[in-house]
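Participant: have a look at this fold, sequence not included:
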């Protein structure tokens, strides 16, 4: 977008919030599951001490990555898949106010069936 002197910055912020993200290469956009606030035994945990869940849902998938010979390797994950995530890693981003994570397909541990 070109910034013109007579336009206010509110208009540009509104346009930026309406964007969506399309991952490139073999990257996968994942929304982590909500933190557990209650254990199976019924004990309620404070929200700041509960650790981040290692499960998530695939929101968007990149087109894949090309190898040295030029063959495209399409990701095996699809939008809506439930996945097991590593404890650390991924790039934390915000898309339309939602907190999501961007991982390479190799970093994702597994897929729930």
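Facilitator: In hand now; what should we look at? Remember, it's a predicted structure, so these values are computed and weren't measured experimentally.

Participant: these two touch, right, residue 20 and residue 95?
Facilitator: Yes. With contact defined as Cβ atoms under 8 Å, residue 20 counts as touching residue 95 (6.8 Å). Bear in mind the C-beta positions are built from the backbone N, C-alpha and C, glycine included.

Participant: looking at these two, which is more packed in?
Facilitator: Remark: of residue 20 and residue 95, residue 95 carries more neighbours, 16 against 9, as counted by other Cβ atoms under 10 Å.

Participant: so who does residue 31 touch?
Facilitator: For residue 31, the contacting residues are 56-57, 59, 98-101, by Cβ atoms under 8 Å, 6 or more residues apart in numbering.

Participant: next secondary structure after the strand or helix carrying it?
Facilitator: Using DSSP states H and E, residue 31 sits within strand 27-32. As assigned by DSSP H and E, the chain's next helix or strand after strand 27-32 is strand 55-61.

Participant: pull out the buried positions in that following strand.
Facilitator: Buried residues in strand 55-61, defined by neighbour count with 16 or more other Cβ atoms under 10 Å: 56-61.

Participant: what is the orientation angle of it with strand 27-32?
Facilitator: Calculated by axes from the mean of the first three to the mean of the last three Cα atoms, to 10 degrees, strand 55-61 forms an angle of 140 degrees with strand 27-32.
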